[in-house]
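Colleague: Predicted model and sequence follow; I will ask about them next.
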Amino acid sequence: MNFEEVERNTTEHIIRHYSNADLNVDYTCSWYYPPPTPNNLEDSFIYFWAWFAYEHQADTYSARTTTSFNLFKNLYHTPESEHHDTRLQSTIVAILSSIRYKTTPLSFDILFLYIQGIAFRTNCFEQQVTLSISLGVYTEILDRTLLNVQRDRQLLHQILASPTPSARSLTNSTPGTPPPEIMAATGDQLRQVMEGIFGAGGARLRGEGNTIKIDFFHGNESEDPTEWSLPLSEHQSLTDGPQRLGKRPSLEDT
């Protein structure tokens, strides 16, 4: 659950109210979900709301709040079952998402644990929530959070302090025998791999019609290379094809 998304949805709902536009669903709206009158509220909800409004800056509630709270009470007193915790959590989500707040709560997880802790100590709000009860639950949540942080820190220290396992320690092979996954390949195995990539005899490297035949650049011993060799700037790129390569002059041309 994200309190910011609930707040954005409520803001859009209020704007549509005053602009006479089609309304989006907003369970915090007391106009469309009018709550029961105070005389018709159960004491358990009154105790819940007195504590929750004071501790968590709650502003208003709706009929969905009171209905979800009654469902929460029924589930709380039912025996444990396969889907009990999941239904209990979804009911708390329905309660929290039907309330308008003066200040946006920071964490759903904290409120979820808070409500469960208070419910446990008050038999599901059958008695008023005192300051000592609230502080006791808050201290338990804080200690649990710090304990989780400490466990994560200890686990990290254990991981960093443990030596890096060698390849031999990861296998059951006898000493001096390389693990199966890193054993050297034979010459025939390497040849098969290479031929699978490059083709037999490197045929895929040559490729018909994709290479350029280059004439050997040389003359006879009786020739003066400085007379027939072309200046370097006149040579064309090999990628332009053999038809554009400059030809060295023959002796008849000199």
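Modeller: Now that the structure is in, tell me what you want to look at. These numbers come from a predicted model, not from an experiment.
Colleague: Can you report how many residues neighbour residue 69?
Modeller: 26 (other Cβ atoms under 10 Å). Every C-beta, even on glycine, is put in place using the N, C-alpha and C of the backbone.
Colleague: hang on, it packs against residue 95?
Modeller: Yes - the criterion here is Cβ atoms under 8 Å, and residue 69 meets it with residue 95 at 5.8 Å.
Colleague: Now for these two: what residues contact both?
Modeller: The contact sets of residue 69 and residue 95 do not overlap (Cβ atoms under 8 Å, 6 or more residues apart in numbering).
Colleague: what about the stretch 1-150 of the chain, any weak spots by pLDDT?
Modeller: Applying pLDDT under 70 to the stretch 1-150 of the chain flags the ranges 1, 145-150.
Colleague: how about the strands in it?
Modeller: 58-60, 100-101 (DSSP state E, counting those that start in this stretch).
Colleague: Looking at the ones you listed, which is nearest to residue 88?
Modeller: strand 58-60 (20.3 Å; Cβ to Cβ).
Colleague: any residues touching that closest one, and which ones?
Modeller: Residues outside strand 58-60 that contact it (Cβ under 8 Å, 6+ apart): 28, 30, 49, 52, 53, 99, 100, 101, 102.
Colleague: and with 6 Å instead?
Modeller: 30, 52, 99, 100, 101, 102 (Cβ atoms under 6 Å, 6 or more residues apart in numbering).
Colleague: what's the answer for stretch 22-32, then?
Modeller: Outside stretch 22-32, the residues that reach it (Cβ under 6 Å, 6+ apart) are 9, 10, 12, 13, 16, 60, 62, 64, 98, 100.
Colleague: between these, which is closest to residue 114?
Modeller: residue 98 (16.9 Å).
Colleague: Tell me who's in contact with the closest one.
Modeller: 27, 28, 62, 64, 65.
Colleague: Looking at these, state which has the most neighbours.
Modeller: Most surrounded of the contacts of residue 98: other Cβ under 10 Å gives residue 65, at 27 neighbours.
Colleague: measure the nearest residue to it once chain neighbours are set aside to residue 138 for me?
Modeller: Nearest residue to residue 65, sequence neighbours excluded (Cβ to Cβ, 6 or more residues apart in numbering): residue 98, at 4.4 Å. Distance, residue 98 to residue 138, by Cβ to Cβ, to the nearest Å: 24 Å.
Colleague: ditto for residue 62
Modeller: 27 Å.
Colleague: cool, and residue 61?
Modeller: 22 Å.
Colleague: before we move on, what about residue 7?
Modeller: 24 Å.
Colleague: Then residue 73?
Modeller: From residue 73 to residue 138 the distance is 22 Å (Cβ to Cβ).
Colleague: So for the two, which sits in the more crowded spot?
Modeller: Between residue 73 and residue 138, counted using other Cβ under 10 Å, residue 73 has the larger neighbour count: 20 against 16.
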